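>>> for reference, the sequence and a predicted model appear below.
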Amino acid sequence: MGALDFLKQHRVKIGVVFVTVLLAFWLVVALQRSVLLLTDPEPVAKALGVAYLLLPLIGAWALIRELSFGAQTERMASALHTEGGLPVDDLPRTPAGRIVREAADAQFPAYQADAEANPDDWRSWFRLSCAYDAAGDRTRARRSMRHAAKLFRGRAA
């Protein structure tokens, strides 16, 4: 496998690592700045330091949450691949590589019916999430994937 093939195959992971490194750098700088503000004798600077300290904490929490969501999604996809249950990506695409919306909308009811018929099956919710994503509804795709992850872990609400 050449370098170009490796980059093509792992481009999403490389992007995630790059953004994670940038965010970690920003978190360190923000933490350093908040400490500098906290050591300033001015009360306003101390207040800003406390507020600025919250930013890296929230950023770290969001980073950890998204990375664990991605890892969980990858584990589910791997399990479905092993079982032969991944949805087939055979939808037509535009010249730019985007999925043709009408084709995704036409396939969607089958995945929705499967999830409704099997509400406790994480596999159905995973496939429904893929269908939402193909149809361009990212919000519902993430919500369905989070539900699939809960079912996968055995903690359905």
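Looks like it came in fine.

>>> residues contacting residue 115?
Each residue near residue 115 by C-beta atoms under 8 Å, 6 or more residues apart in numbering is listed here: 121, 124, 125, 127, 128, 144. Where C-beta positions appear, they are placed from N, C-alpha and C, glycine not excepted.

>>> let's see it at 10 Å
Residues near residue 115 by C-beta atoms under 10 Å, 6 or more residues apart in numbering: 121, 123, 124, 125, 126, 127, 128, 129, 131, 144, 147, 148.

>>> which of those residues lies closest to residue 61?
Checking the contacts of residue 115 against residue 61 with C-beta to C-beta, the nearest one is residue 147 at 21.1 Å.

>>> would you mind putting the CA coordinates of stretch 104-120 into PDB?
Extracted in PDB, the C-alpha atoms of stretch 104-120 (Å, rounded to 0.1, in the frame of the first residue of the first chain):
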ATOM      1  CA  ALA A 104     -31.700   8.300  -0.200                       C
ATOM      2  CA  ASP A 105     -35.300   9.400   0.500                       C
ATOM      3  CA  ALA A 106     -36.600   6.400  -1.500                       C
ATOM      4  CA  GLN A 107     -34.600   3.900   0.600                       C
ATOM      5  CA  PHE A 108     -35.300   5.600   4.000                       C
ATOM      6  CA  PRO A 109     -38.800   4.100   4.700                       C
ATOM      7  CA  ALA A 110     -37.400   0.600   4.700                       C
ATOM      8  CA  TYR A 111     -34.800   1.500   7.400                       C
ATOM      9  CA  GLN A 112     -37.400   3.400   9.400                       C
ATOM     10  CA  ALA A 113     -39.800   0.500   9.300                       C
ATOM     11  CA  ASP A 114     -37.000  -1.900  10.500                       C
ATOM     12  CA  ALA A 115     -36.200   0.400  13.400                       C
ATOM     13  CA  GLU A 116     -39.900   0.600  14.300                       C
ATOM     14  CA  ALA A 117     -40.300  -3.200  14.100                       C
ATOM     15  CA  ASN A 118     -37.200  -3.800  16.200                       C
ATOM     16  CA  PRO A 119     -37.000  -0.900  18.700                       C
ATOM     17  CA  ASP A 120     -34.600  -2.700  21.000                       C
END
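
>>> alright, I will stop here.
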